[in-house]
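Trainee: Provide a 3D model corresponding to the input given below.
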Amino acid sequence: MVLSNLFSLQLFSRLNSESSGESSDKSDRSLVLEELKCLEHVNDLSIGLSNVETLRILLTSAKLQKCINHLMLVYFSDAPLLYNSKHSKQIYYSNLRHLIVSSCKIRDLRWLAHAPCLQSLVIRYCYSLEEVIVEDLGAGEIQRVNGNTFASLETLELVNLNRLRSICTGALRFPCLKKVVVLHCPALEMLPFDSDSAKNSLEHIIGDYEWWVGLQWEDKSIEEIFSSKFQRT
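Mentor: Next comes the predicted model:
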């Protein structure tokens, strides 16, 4: 694919991942990203990745980070770039709206703290994932980051995450959150909710009944607020 001659290109979408394993497909995806970096008017990028080299191109380009709208990460056997603390602090996805992470060997997704416009987040079959957002910061910095984290999120789906024990540190506001789905996440014993979370927006919490009744709450009143939203599968 040759994109360098499309000087006025603004939108590019290729959401299928490189799951075929063909080296030609991986090489093609790398070339596409390199060409997109050089196109001045590109401002809306949707792409699926399953190769460390293509991921590296994305994560080291400020241009692509600003353009990415819909990102799908699939079948990474190892992706240290996704949880390297030093690197994650440099990532800022100002335009990312939709993210799917599936079948990836990752420990966390701490860089999502820097995706303020994220509207939908789907994480599934990531059996090494223990925490979504990890913050090894001071109390004041955690409060500041948490105030902006998932500020635009409308849908959160967590499926088949055996080791997941935390979404983030502390309660989040979730001012736009409408739907939460939690299936087969037995180690997740707390939700980042308090009495002010998802006020006037949350419609449903869908999950396994055994998981729901085993949840821990900081206050009984908080449990009562969200129990009315729960729907068992």
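
Trainee: and the gap between the residue nearest to residue 130 when sequence neighbours are not counted and residue 155?
Mentor: Using Cβ to Cβ, 6 or more residues apart in numbering and skipping the chain neighbours, the partner closest in space to residue 130 is residue 163 (5.0 Å). To be clear about C-beta, it is placed using only N, CA and C from the backbone, and glycine gets the same treatment. Between residue 163 and residue 155 the computed distance is 22 Å (Cβ to Cβ, to the nearest Å).

Trainee: ditto for residue 69
Mentor: Going from residue 69 to residue 155 by Cβ to Cβ gives 15 Å.

Trainee: quick one: mean pLDDT over stretch 109-122.
Mentor: Averaging pLDDT along stretch 109-122 gives 91.

Trainee: show me where this protein has helices.
Mentor: 23-37, 52-59, 62-67, 85-88, 139-148, 209-213, 220-227 (DSSP state H).

Trainee: out of the ones you listed, which gets the lowest mean score?
Mentor: Note on the helices of the chain: lowest mean pLDDT is at helix 85-88, with a mean of 50.

Trainee: just give me the neighbour total for residue 215.
Mentor: Using other Cβ atoms under 10 Å, residue 215 is surrounded by 17 other residues.

Trainee: now do the phi/psi pair for the residue nearest to it when sequence neighbours are not counted.
Mentor: In this structure, residue 215 finds its nearest non-sequential neighbour in residue 189, 6.2 Å apart by Cβ to Cβ, 6+ apart. As for residue 189, its main-chain torsions (degrees, to the nearest 10) stand at phi -110, psi -10.

Trainee: tell me the contacts of residue 189?
Mentor: 165, 214, 215, 216 (Cβ atoms under 8 Å, 6 or more residues apart in numbering).

Trainee: most neighbours among the residues you listed, which one?
Mentor: Going by other Cβ under 10 Å, residue 215 tops the contacts of residue 189 with 17 neighbours.

Trainee: test my guess that that one contacts residue 190.
Mentor: Yes. Using Cβ atoms under 8 Å, residue 215 is in contact with residue 190, at 6.6 Å.

Trainee: and residue 159, what are its bridge partners?
Mentor: residue 124, residue 183 (DSSP bridges).

Trainee: quick one: it from residue 207, how far?
Mentor: In terms of Cβ to Cβ, residue 159 sits 10 Å off from residue 207.

Trainee: what do the two both touch?
Mentor: The contact sets of residue 159 and residue 207 overlap at 181, 182, 183 (Cβ under 8 Å, 6+ apart).

Trainee: list just the nearest of these to residue 225.
Mentor: Nearest to residue 225 among those, counting by Cβ to Cβ, is residue 182 at 17.0 Å.

Trainee: what distance do you get for the closest one to residue 114?
Mentor: 24 Å.

Trainee: and the closest residue in space to residue 194 that isn't next to it in sequence, what does it touch?
Mentor: Closest residue in space to residue 194, ignoring its immediate chain neighbours: residue 171 at 3.9 Å, by Cβ to Cβ, 6+ apart. Applying Cβ under 8 Å, 6+ apart, we find residue 171 in contact with 146, 192, 193, 194, 196, 197.

Trainee: and for the closest residue to the fifth one other than its chain neighbours, the neighbour number?
Mentor: Just to be clear, that refers to residue 196. If the residues on either side of it in the chain are set aside, residue 196 comes closest to residue 173, at 6.5 Å by Cβ to Cβ, 6+ apart. Residue 173 is flanked by 19 other residues according to other Cβ under 10 Å.

Trainee: list phi and psi for residue 173.
Mentor: phi -80, psi -40.

Trainee: picking up where we left off before, show me just the buried residues among the shared contacts of residue 159 and residue 207.
Mentor: 181, 182 (16 or more other Cβ atoms under 10 Å).

Trainee: okay then, goodbye and thanks.
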